[in-house]
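K.L.:
Structure for this input, please:
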Amino acid sequence: YLENIETCQHTSYFTLTALAGLRQSASVGVDFKDTRFKWADWSAINPQLLLAAVPVLKVDGVMHCQSVSLARYAGKLGGFYPTDPVQALFVDEAIESLNELMAVAPKHSDPEELLKLRKEFQAGVMTKYADFFEGLIQKNGGVGFAATPSIADLTLWGTVKSIRTGDWTGIDAAFFDSYKGITATVDSIAKNEKVVAYY
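P.N.:
Okay, the predicted model is just below:
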């Protein structure tokens, strides 16, 4: 749960999930209560949640859901979401596309078939998305999706980090290394003082 002391906010997610950390990184500098729970507790917690899913956010006792909506809210609180509408549009299209990329990654119960599908995915769809992300970053000057650090930069950082550590089975850990803008954005957000202080 993410709970702001002043506005009484509260969000929850699984203990071993990177996504929650990304969302909450956007609100660093804001006092909050962060409660994680384990899979063993899911059956008891599930009925209490909107749409029986996490993450959720409570603001003044009212529960809210949908991760991208929560990310935007947290980003506005922590200064990781642009006030300029056009800059915000760049951030929104980047974060939606990053989430879409994760959603369309092939899945298969057979390990050999999964590796085959992921190899094709990396050469085709994943490369198309990576080129798109790189293009957005280059339009912005070569670092970041907007003029200031954003929730899209944080999401990209988390995605690249998970691939580099082998979390995406069958995807080359060094896949993003040849993309100068993506690499520069990931390096920049990793050194951001708010992100460093949070982690």
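K.L.:
How far off centre is the helix or strand harbouring residue 195?
P.N.:
Assessed by DSSP states H and E, residue 195 sits inside helix 193-198. Offset of helix 193-198 from its chain centre (Cα atoms, centre = their mean, to the nearest Å): 16 Å.
K.L.:
other SSEs contacting it?
P.N.:
helix 18-25 (3 or more Cβ pairs under 8 Å, 6 or more residues apart in numbering; DSSP states H and E). (Each C-beta comes from the backbone N, C-alpha and C, glycine too.)
K.L.:
in the chain, which ranges drop under the pLDDT threshold?
P.N.:
Scanning the chain for pLDDT under 70 picks out the ranges 1-33, 35, 199.
K.L.:
Centroid-nearest residue for it?
P.N.:
residue 155 (3.1 Å; Cα atoms, centre = their mean).
K.L.:
tell me which element that residue is part of?
P.N.:
Per DSSP H and E: helix 151-164 holds residue 155.
K.L.:
How far off centre is that helix?
P.N.:
The answer for helix 151-164 is 6 Å, by Cα atoms, centre = their mean.
K.L.:
that older thread, what comes up buried for the helix holding residue 195?
P.N.:
The neighbour-count check on helix 193-198 (16 or more other Cβ atoms under 10 Å) flags 194-195 as buried.
K.L.:
residues in contact with the residue nearest to the centre of the chain?
P.N.:
Taking Cβ atoms under 8 Å, 6 or more residues apart in numbering, we find residue 155 in contact with 22, 71, 94-95, 98-99.
K.L.:
how about the following helix or strand past the helix holding residue 155: buried residues?
P.N.:
Note on helix 151-164: by DSSP H and E, the next helix or strand toward the C-terminus is helix 180-191. Across helix 180-191, burial judged by 16+ other Cβ under 10 Å covers 181-183, 185-186, 189.
K.L.:
still on that earlier bit, will you turn the contacts of residue 155 into TSV that also has distance to residue 78, neighbour count and secondary structure?
P.N.:
Listed next are the contacts of residue 155 as TSV, based on distance: Cβ to Cβ, whole Å; neighbours: other Cβ atoms under 10 Å; DSSP: H, G, I helix; E, B strand; the rest coil:
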residue	distance to residue 78	neighbour count	secondary structure
22	12	22	helix
71	10	28	helix
94	17	25	helix
95	15	25	helix
98	19	20	helix
99	19	16	helix
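K.L.:
Which one of those is nearest to residue 172?
P.N.:
residue 98 (17.9 Å; Cβ to Cβ).
K.L.:
Correct me if wrong: that closest one contacts residue 159.
P.N.:
Yes - the pair residue 98 / residue 159 is scored as a contact, 5.8 Å apart, by Cβ atoms under 8 Å.
K.L.:
Quick one: list the elements packing against the helix or strand harbouring residue 63.
P.N.:
Assigned by DSSP H and E, residue 63 belongs to strand 62-65. In terms of contacts (3+ Cβ pairs under 8 Å, 6+ apart), strand 62-65 is packed against strand 56-59.
K.L.:
Could you spell out the sheet neighbours of the strand it packs on, each with its direction?
P.N.:
strand 9-14 (antiparallel), strand 62-65 (antiparallel) (DSSP bridges).
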